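Q: what shape does this take:
(chains A and B)
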Amino acid sequence: MKIFKRVLLTVVILAAGIYCGKLIFGRGSDIPAPMPTYFSQSTEPGDSVGIGAGTITGKIIEVKKGNSIQEAVGKASPGDLIRIYPGVYNETVYIDKDNISIQGVIENDEWPILDGQKKMNDAILYSGNGVLIENMKITNYKGNAIMGQAGNNYVIRNNWIVDTGVYGIFPQFGKNGVVERNILTGIEDAAIYIGMCDNVDVRFNEVYGNVAGIEIENSRHALVEFNYTHDNTGGILAFLTQGLPIKTCYDVIIRNNYVYNNNTKNFGAVGSTVSHIPAGTGILIMAADDITVENNIISGNDNAGITITDYAFAGVDHANDPESNPTPIVLPFLIIS
Amino acid sequence: MKRVIILLTLIFSLILIVVALKSASDKNELTLCNTCPPGFELTDENVCKLRSLYQQYESVTGNDPGVGGLKTALPTVRDGFTPQQIDLGRYLFFDPVLSKDGSVSCATCHQPSKGFSDGLKTSVGIHNTKLKRAAPSLWNVAFYKKFFWDARSTSLEEQMTGPLYSEDEMGTTREQLLETLNDIKTYQSLFHQAFPKKKSTEIELNEIYTALTAFESSLISLNSRYDQYAHGYHEALSHEEIEGLNIFRSFVARCAECHTPPLFTNQQVAVIGLAEPDGKALDPGAQQTFQDPSLRGAFKVPSLRNIDRTAPYTNSGRFNTLREMIGFYSAGRGHEVAKNEKLHIHWHIWEPNLTNYEMDRLVDFVKTLTDESFRPQQPKVLPSGIAIDKPITSQALWSIQQNTH
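A: This is a model prediction of the structure:
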């Protein structure tokens, strides 16, 4: 009898194992992707890495429905916190001051919404250092939801971004940044695009329904961790692109991500680099060097789970750059588990 | 006794004449400036170092490539020349004696009043030769790593040998240049002032190159109204100009991706797909420099500093106004490329579909990049004796050379 019970138990465990395995690694099934527990909006204070941004030393300025966020930024001094209450705000906000925090206040599931009505270029442009942007819903812009030029020490978190044109979150030429717990969809290039930056953590974001989920381009020392990238054309990309003033892309760690079912038809703009990415691309490393890919779950991407290639991949039409090496010179280090 | 008195009077008169002549010639002798141009600080080592508010900022990768946003470090600057070398370079720059027949100076194509360009679609060299490309501005060349539209030169010293010795531009030779300058006493004296440690009395080529580089490197334009905004004085720009700045840096128009602050160039070469004027054959640009067909039609991204002063625009002077130039970028990727050409157009060139309002605001914004406060003075007198602004004939040059012997 004992033997029978043992056999039964083994069979049950085996069956459960096969079922779970199919659930997680099964391809082409219509079973929805399981949601890992760590993709939830953070409620813990101090949960994010504090690196200067978001340190409030000044006054709190409140912006309520019908008022202008930009007017508040104009009045703000370094160290001030600007709180945005629920309501729709149709404007482009630019922050050319240091240490300004923009914080959406979400009340009873009602978000403050920046809506560009498909007429405006960008929701938020910043060039100041120490900028914090959190808890904003941003939609219907033509260029970017949040674009930074040269601001260092930035934190962009807990934002909900839907169809904001070319990019969703795009820090450029910035050092020391955290991009985390954002949800982005409907972007025609990269939802999260780290361009020509140093020392950036991209963590706990969910990106789906974009051409590219997360793209690290011509940047150094980037960590892409605990992100959920699904139903894009390509999930996570690390590129060394030619013809840009920064000539290297190295030391990028892509680990503990869930890269699932990135089979969406490519809807990138003609001439853009990502328009050449084949649907079904999980992780794509193009010409970048010294990339670590470890401990990710990569599943259901119909073209290839991981692609490592030179810049000529997929027929990207480009002029050569005499100062940039188009092939990966240090092979990526892969730990697949 | 009477004879002795006459003789003494004669000798005394002669001495007086000699002294008078000498003092007259001393008066004509030029002395080089011993202070630095504005924007530079004179150090204890008697060299001029650039001082700019931008030097308190940092860039992602240190100073180079010096690209970013409002408060970003400048690329490494060429400075450290002596005030005397800079001033000697100024005389050389304006002196047509550097050309084959004394008719063309550097300032002929790089006129200070025209943003150090010449207002022509393409420049005109010696013997009224029409040249192939437009004269680029010289503002802020101290920061550049590549020169010429096709990026074929990597230093100012190397660059200047192009126009100096081109038969179509200044038409001189190394031998003629040395002979001409060595024959002019004032230049001998000036070179001695600028290079006091030199052993030989002969003027040397590298001294000419150094002096011209020193002067060109002093042409700094970093205090426009835009710069005042960038440093934190936000009232420096009007509402419309700030709107223009936001369009400029947005990823819809993408201007700032190549015309990147603080220099408003990222110093790369790029193919933007411009047609040639009047159905001329396509200028291959950087394809020739790098012997790379993928760079066909690629040109160095020009800075937009003082762009309001340097019309017409592009390497071939295609557009007379900034508005027309912006219209080209908005009109769609590759819309001017001939059917038989396969160009690798930069991916930033796309179809931004800018509205008329947006294009007008972009014009407003780029006009805030004007700053000519450090424009140097033209010399009143040239060491060669050639009247400034009045280029002379080769015969007159010959006579000047004879007189200075």
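
Q: make it CA atoms for all contacts and neighbour counts henceforth
A: Will do.

Q: run through who's touching stretch B:236-244.
A: Where contact means Cα atoms under 8 Å, 6 or more residues apart in numbering or on different chains, the residues beyond stretch B:236-244 that reach it are B:225-226, B:228-229, B:358, B:360-366, B:368.

Q: over to the residue positioned nearest the centre of chain A: give its phi and psi.
A: Nearest residue to the geometric centre of chain A (Cα atoms, centre = their mean): residue A:192, 3.3 Å. Taking degrees, to the nearest 10, you get phi -120, psi 120 for the backbone angles of residue A:192.

Q: do residue A:75 as well
A: The phi and psi values for residue A:75, taken as degrees, to the nearest 10, are phi -80, psi -20.

Q: before we move on, what about residue A:63?
A: When read as degrees, to the nearest 10, the backbone of residue A:63 gives phi -120, psi 120.

Q: correct me, but it touches residue A:72?
A: Yes: assessed by Cα atoms under 8 Å, residue A:63 is found in contact with residue A:72 at 7.1 Å.

Q: can you check which residues contact both of those two?
A: Taking Cα under 8 Å, 6+ apart as the criterion, residue A:63 and residue A:72 both touch residue A:82.

Q: where does the residue nearest to the spatial centre of chain B land in three-state SS?
A: What sits nearest the mean C-alpha location of chain B, by Cα atoms, centre = their mean, is residue B:138, with 2.4 Å. In three-state terms, and counting by DSSP: H, G, I helix; E, B strand; the rest coil, residue B:138 is coil.

Q: what parts of the stretch 51-200 of chain A come near chain B?
A: By Cα under 8 Å from any Cα of the partner chain, the part of the stretch 51-200 of chain A that sits against chain B consists of A:94, A:96-97, A:121-122, A:125, A:127-128, A:142-144, A:147, A:149-151, A:166, A:172-175, A:197-198.

Q: apply 7 Å and report the result again.
A: For the stretch 51-200 of chain A, the residues in contact with chain B (Cα under 7 Å from any Cα of the partner chain) are A:121-122, A:127, A:142-144, A:149-150, A:173-175, A:197-198.

Q: gap between the closest residue to residue B:129 other than its chain neighbours and residue A:293?
A: Excluding the flanking residues, the one nearest residue B:129 by Cα to Cα, 6 or more residues apart in numbering or on different chains is residue B:168, at 6.0 Å. If you measure residue B:168 against residue A:293 using Cα to Cα, to the nearest Å, the figure is 58 Å.

Q: quick check: residue B:158 is in a helix.
A: Yes: going by three-state DSSP, the assignment for residue B:158 places it inside a helix.

Q: what about it, how many neighbours?
A: The burial count assigned to residue B:158 is 13, neighbours taken as other Cα atoms under 10 Å in any protein chain shown.

Q: what about chain A, any weak spots by pLDDT?
A: Under the criterion pLDDT under 70, the flagged ranges of chain A are A:1-2, A:4, A:7-12, A:14-54, A:314-317, A:329-337.

Q: now residue B:369: phi and psi?
A: Backbone torsions for residue B:369, taken as degrees, to the nearest 10, come to phi -90, psi 10.

Q: what's the helix or strand for the residue nearest to residue B:129?
A: When elements are assigned from DSSP states H and E, residue B:168 belongs to no helix and no strand.

Q: residues contacting it?
A: Remark: with contacts taken as Cα atoms under 7 Å, 6 or more residues apart in numbering or on different chains, residue B:168 is in contact with B:125, B:126, B:129.

Q: try it again at 10 Å.
A: By Cα atoms under 10 Å, 6 or more residues apart in numbering or on different chains, the contact list for residue B:168 reads B:124, B:125, B:126, B:127, B:128, B:129, B:130, B:131.

Q: give me the distance between it and chain A.
A: Remark: distance between residue B:168 and chain A (Cα to the nearest Cα, to the nearest Å) = 29 Å.

Q: one step back: most neighbours among the residues of the stretch 51-200 of chain A next to chain B, please name it.
A: Of all those, the highest neighbour tally under other Cα under 10 Å goes to residue A:122, namely 35 neighbours.

Q: residues in the stretch 301-405 of chain B within reach of chain A, list them.
A: Taking Cα under 10 Å from any Cα of the partner chain, the part of the stretch 301-405 of chain B that reaches chain A is made up of B:333, B:343, B:344, B:345, B:346, B:347, B:348, B:349, B:350, B:351, B:352.

Q: now, of the residues you listed, which are buried?
A: Neighbour counting with 16 or more other Cα atoms under 10 Å in any protein chain shown marks B:333, B:343, B:344, B:345, B:346, B:347, B:348, B:349, B:350, B:351, B:352 as buried within these.

Q: quick one: which helix or strand includes whatever residue of the stretch 201-337 of chain A ends up closest to chain B?
A: When Cα to the nearest Cα is the measure, the stretch 201-337 of chain A has its nearest residue to chain B at residue A:319, with 4.7 Å between them. When elements are defined using DSSP H and E, residue A:319 is found to belong to no helix and no strand.

Q: neighbours around it, how many?
A: 23.

Q: identify the residues contacting it.
A: Taking Cα under 10 Å, 6+ apart as the test, what residue A:319 contacts is A:242-243, B:269-271, B:287, B:292-296, B:298, B:343-347.

Q: okay, strands next: where are they in chain B?
A: Under the criterion DSSP state E, chain B carries strands at the ranges B:40-42, B:48-50, B:269-271, B:298-300.

Q: show me the residues around the nearest residue to residue A:328 once chain neighbours are set aside that make contact.
A: Nearest non-adjacent residue to residue A:328, counting by Cα to Cα, 6+ apart: residue A:287, 4.3 Å away. Applying Cα under 10 Å, 6+ apart, we find residue A:287 in contact with A:218, A:238-242, A:248-250, A:308-313, A:324-331.

Q: can you select the buried ones from those in PyMOL?
A: Applying 16+ other Cα under 10 Å to the contacts of residue A:287 leaves a buried subset, and the PyMOL line that selects it is:
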select buried, chain A and resi 218+238+239+240+241+242+248+249+250+308+309+310+311+324+325+326+327+328
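
Q: quick one on the thing from earlier: so which of the contacts of stretch B:236-244 are in helices?
A: Secondary structure defined by DSSP state H assigns B:225, B:226, B:228, B:229, B:358, B:360, B:361, B:362, B:363, B:364, B:365, B:366 of the contacts of stretch B:236-244 to helices.

Q: residues near residue A:244, how many?
A: The burial metric for residue A:244, expressed as a neighbour count using other Cα under 10 Å, is 20.

Q: that one belongs to a helix?
A: No: looking at residue A:244 with three-state DSSP, it is coil, so not inside a helix.

Q: residue B:366 touches residue B:226, doesn't it?
A: Yes: the criterion here is Cα atoms under 10 Å, and residue B:366 meets it with residue B:226 at 8.7 Å.

Q: between those two, what contacts are shared?
A: Each of B:241, B:245 lies in contact with both residue B:366 and residue B:226 under the rule Cα under 10 Å, 6+ apart.

Q: between those two, who's got more neighbours?
A: Counted by other Cα under 10 Å, residue B:366 and residue B:226 do not tie: residue B:226 has more neighbours, with 26 against 21.

Q: mind listing what that one touches?
A: Taking Cα under 10 Å, 6+ apart as the definition, contacts of residue B:226 comprise B:70, B:232-234, B:236-237, B:241-242, B:245, B:262, B:365-371.

Q: repeat the analysis, applying 7 Å as the threshold.
A: Listed by Cα under 7 Å, 6+ apart, the contact set of residue B:226 reads B:237, B:368, B:369.

Q: so which of those residues is the closest to chain A?
A: residue B:237 (12.8 Å).
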